[in-house]
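> Using only what follows, build the 3D model:
(chains A, B, C and D)
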Protein chains: 2
Amino acid sequence: MSQSAVSRAFTPGARISPETRRRVLEAAERLGYRPNAIARSLSTRRSGIVALIVGDLHNPFYPQALSQMAQALEAGGRRALLLTHDAGRDVQETLDAARAYQIEAAIVFPTRLNSTPPSLGDVSRGGIPVLLFNRRLPGHDDLLSVACDNHAGGRLAAQILYGSGARRLAFIGGDPETSTHQDRLRGFSEWLAGVGLSPVAAPARAFHYDWGFQATLDLHAAGERPDAIFGANDIVAIGVLDALRLLGRRVPEEVSVIGFDGIQEGGRVAYRLTTIRQPLEAMIEDALRTLDDPRPGSGPRLHPGELVWRGTVRGNPP
Amino acid sequence: MSQSAVSRAFTPGARISPETRRRVLEAAERLGYRPNAIARSLSTRRSGIVALIVGDLHNPFYPQALSQMAQALEAGGRRALLLTHDAGRDVQETLDAARAYQIEAAIVFPTRLNSTPPSLGDVSRGGIPVLLFNRRLPGHDDLLSVACDNHAGGRLAAQILYGSGARRLAFIGGDPETSTHQDRLRGFSEWLAGVGLSPVAAPARAFHYDWGFQATLDLHAAGERPDAIFGANDIVAIGVLDALRLLGRRVPEEVSVIGFDGIQEGGRVAYRLTTIRQPLEAMIEDALRTLDDPRPGSGPRLHPGELVWRGTVRGNPP
DNA sequence: CTGAAAGCGCTTACAG
DNA sequence: CTGAAAGCGCTTACAG
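As a prediction, the model looks like this:
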């Protein structure tokens, strides 16, 4: 039994007789043999490894995206190398480290990445496609990017809230340096401008529960009494809801609230948050397809958000 | 410049003159050269890769643990290969797949693993140490395990609640097949027995928010009015809190609530959940140390939980 | 269809 | 300290 025969037995579609393959596989089973993927990678120059780069996993959207992404990768016979990226260091460094493992692609979950990351400039040197998930980076056309259509989502939020009768609409933002924040706010403001309105307030800081909570309190302390609040994402909107409860303002009777993301937490009985859901499955599928056939410079690939009607917006679904 | 020289320049502590090393590193910098970690792995037979096997990341405890674990691994110059494990498949299969990458160890986050997993029997065949994080599997002495001392934690919960004046104490469990559930309940019941009490109720199903919520509603519908509830973990306890709020029962005046885990979510203003925190950093450190020097059969390594006093237990901290 | 041989990019005794 | 050579465990033309 030659080495080649064994190799071919484990290679789908290789030229080998069924009989030989059977014998090899049988022996392998008996001996507990498994081909060494590391050696195969070296030989074929294809590691089958994709780097997943994550920052903090504070926002539940990311763990959800991460585990679904890992599963999708596995379904395609690839492996996920998990790398953490903390605020202090450069993403570039992390990427370089990953490159040593002959990764075929890298996907960055930009939990802590704003629009001016120090050195994502020549990120894809070495010919490895790098994809930003859930963010676009203006001016970085060498980066692939898959995101929700946040601009359209912002418009939709405005339309829904306005349609529910609200006229004093506030936006409570996230990290103002991110495209997610900017695009959602822009869409929101633009749509409102179309009906002669503008947001009564748009404080912004971070995509955190605590910020949504605090900003809502501050808003009311300053005398604002919005009749609708668009939270920059679900976790912010959940903070908003808790603050409103504390303030004694009834949702949705007095105030409507809408979020963005579609995290499972928003569906809990305590919140029933109406939101614009990012189509995660479609985005992940698209991301993997895009990495297989990368065409940099074509701009971010946008997916429309889907309205999830629950209980925090007054009236009936449109 | 020989191949050997280059190799040694990148090997800390290798016999090489500072001058040569400098020249190599400089050239590498200029050329953008990085040693191929895959080739190195093949040569040294040490991949530096540790498999992290996760199920669903529903419970926020796991993403937190996962990202901290990945960071700790990186700090030690190792890499995390992320593998998902879904309920349907055998952990053994996932482990086998990981083994192809010459992993040095595997850490299983048993989000969906109960005490009778189909085939974790000869899991460490191949000499790769496998460590269960946050669970012990009675009868599986070949598995390493690092967990919180759930039994002691259960006792502590009983003591705290009893100390706050409660006499009708309920336990709302998680997945009853897990060691985490069983140990916490056992400790809880044992301590209560010591003062002549037993839990007024101990429904169990899953470590989910929805279950904590539903079980609390059911309990009250059945006419029980506990004056204290021990949630099997924080996410269950948070469901309990939301249900109590719906029922109009005031916390902590009428009912005290305590959780287990110490997830960040419990600290939110809306909950202020008093809990027993798992010392995650210490557990992770211990896990990595244990994997470096594995001594199977020595039983699970237990870490004491720490009381985090917030606002859901009546009275003052002990 | 099958096997012998070269090569993937490193590391590491070994000899100098 | 340095270099030539063998070897890690695979894959894949190439010849048969």
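
> Helix, strand, or coil at residue A:241?
helix (DSSP: H, G, I helix; E, B strand; the rest coil).

> Ramachandran angles for the closest residue to DNA strand D within chain A?
When scored by CB to the nearest atom of the strand, chain A has residue A:7 as its residue closest to DNA strand D, at 2.7 Å. In this view, the C-beta of every residue, glycine as well, is placed from N, C-alpha and C. Here is the backbone geometry of residue A:7 (degrees, to the nearest 10): phi -60, psi -50.

> and it, what pLDDT?
On pLDDT, residue A:7 comes in at 94.

> Break chain A down into its structural domains.
Annotated domains of chain A cover A:1-30, A:45-148+A:280-303, A:150-278 [automatic domain parsing].

> Now the first one: buried residues?
This points to domain A:1-30. Across domain A:1-30, burial judged by 16 or more other CB atoms under 10 Å in any protein chain shown covers A:6, A:8-10, A:16, A:21, A:24.

> check whether it contacts DNA strand C.
Yes: using CB under 7 Å from any atom of the strand, domain A:1-30 reaches DNA strand C at A:1-5, A:8, A:15-17, A:19-20.

> Next, format the residues you listed as JSON lines and append secondary structure.
Converted to JSON lines, these look like this (three-state DSSP):
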{"residue": "A:1", "secondary structure": "coil"}
{"residue": "A:2", "secondary structure": "coil"}
{"residue": "A:3", "secondary structure": "helix"}
{"residue": "A:4", "secondary structure": "helix"}
{"residue": "A:5", "secondary structure": "helix"}
{"residue": "A:8", "secondary structure": "helix"}
{"residue": "A:15", "secondary structure": "coil"}
{"residue": "A:16", "secondary structure": "coil"}
{"residue": "A:17", "secondary structure": "coil"}
{"residue": "A:19", "secondary structure": "helix"}
{"residue": "A:20", "secondary structure": "helix"}
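
> So, low pLDDT: which residues of the stretch 101-250 of chain A?
Within the stretch 101-250 of chain A, the segments meeting pLDDT under 70 span A:112-126.

> try it again with 80
Along the stretch 101-250 of chain A, the parts satisfying pLDDT under 80 run over A:111-127, A:138-142.

> in it, which spans are strands?
For the stretch 101-250 of chain A, the strands defined by DSSP state E, counting those that start in this stretch cover A:105-109, A:130-133, A:144-148, A:169-172, A:228-231.

> from these, which stretch is densest packed?
Across these, averaging neighbours per residue (mean count of other CB atoms under 10 Å in any protein chain shown) puts strand A:228-231 on top, at a mean of 32.

> Using CSV, write out every CA atom in stretch A:171-181.
Taking only C-alpha atoms (Å, rounded to 0.1, in the frame of the first residue of the first chain), the coordinates of stretch A:171-181 have been written out as CSV:
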residue,chain,number,x,y,z
PHE,A,171,-31.7,59.2,18.0
ILE,A,172,-29.5,57.7,20.6
GLY,A,173,-26.3,56.9,18.9
GLY,A,174,-23.4,54.5,19.4
ASP,A,175,-19.7,55.2,18.7
PRO,A,176,-19.9,58.3,16.5
GLU,A,177,-16.8,57.3,14.6
THR,A,178,-18.3,54.1,13.2
SER,A,179,-20.0,53.8,9.8
THR,A,180,-22.8,51.9,11.5
HIS,A,181,-23.6,54.9,13.6
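
> Identify each buried residue in it, please.
For stretch A:171-181, a neighbour-count test (16+ other CB under 10 Å) marks A:171-176, A:178-181 as buried.

> Likewise for stretch A:156-170?
A:156-162, A:164, A:166, A:169-170.

> neighbouring contacts of it?
For stretch A:156-170, contacts defined as CB atoms under 8 Å, 6 or more residues apart in numbering or on different chains pick out A:184, A:187-189, A:191-192, A:195, A:197, A:199-202, A:219, A:224-230, A:252, A:256, A:258, A:260, A:274, A:276, A:305, A:307, A:313-315, A:318.

> likewise stretch A:250-257?
By CB under 8 Å, 6+ apart, the list of residues contacting stretch A:250-257 reads A:161, A:164, A:166, A:226-231, A:237, A:240-241, A:244-245, A:249, A:273-274, A:311-315.

> Among the residues you listed, which ones are in helices?
When DSSP state H is applied, these are split such that A:161, A:237, A:240-241, A:244-245 fall in helices.

> Widest-spaced pair of the residues of domain A:1-30 next to DNA strand C?
Using CB to CB, the residues of domain A:1-30 next to DNA strand C reach their maximum pairwise distance at A:3 and A:19, which is 18.1 Å.

> still on that earlier bit, dump the buried residues of stretch A:171-181 to TSV, plus distance to chain B.
Conversion of the buried residues of stretch A:171-181 to TSV gives the following (distance: CB to the nearest CB, whole Å):
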residue	distance to chain B
A:171	21
A:172	15
A:173	19
A:174	17
A:175	18
A:176	23
A:178	20
A:179	23
A:180	20
A:181	22
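
> Identify the farthest-apart pair in the residues you listed.
Among the buried residues of stretch A:171-181, A:172 and A:179 lie farthest apart (CB to CB), at 17.5 Å.

> interface residues of the stretch 51-200 of chain A facing chain B?
Applying CB under 8 Å from any CB of the partner chain, we find that the stretch 51-200 of chain A lies next to chain B at A:52, A:54, A:56-58, A:60, A:62-64, A:66-67, A:70-71, A:74, A:79-84, A:86, A:96, A:99-102, A:125-126.

> re earlier: make JSON lines out of the strands of the stretch 101-250 of chain A and add distance to DNA strand D.
Formatted as JSON lines, those follow (distance: least, CB to the nearest atom of the strand, whole Å):
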{"stretch": "strand A:105-109", "distance to DNA strand D": "19"}
{"stretch": "strand A:130-133", "distance to DNA strand D": "25"}
{"stretch": "strand A:144-148", "distance to DNA strand D": "26"}
{"stretch": "strand A:169-172", "distance to DNA strand D": "53"}
{"stretch": "strand A:228-231", "distance to DNA strand D": "50"}
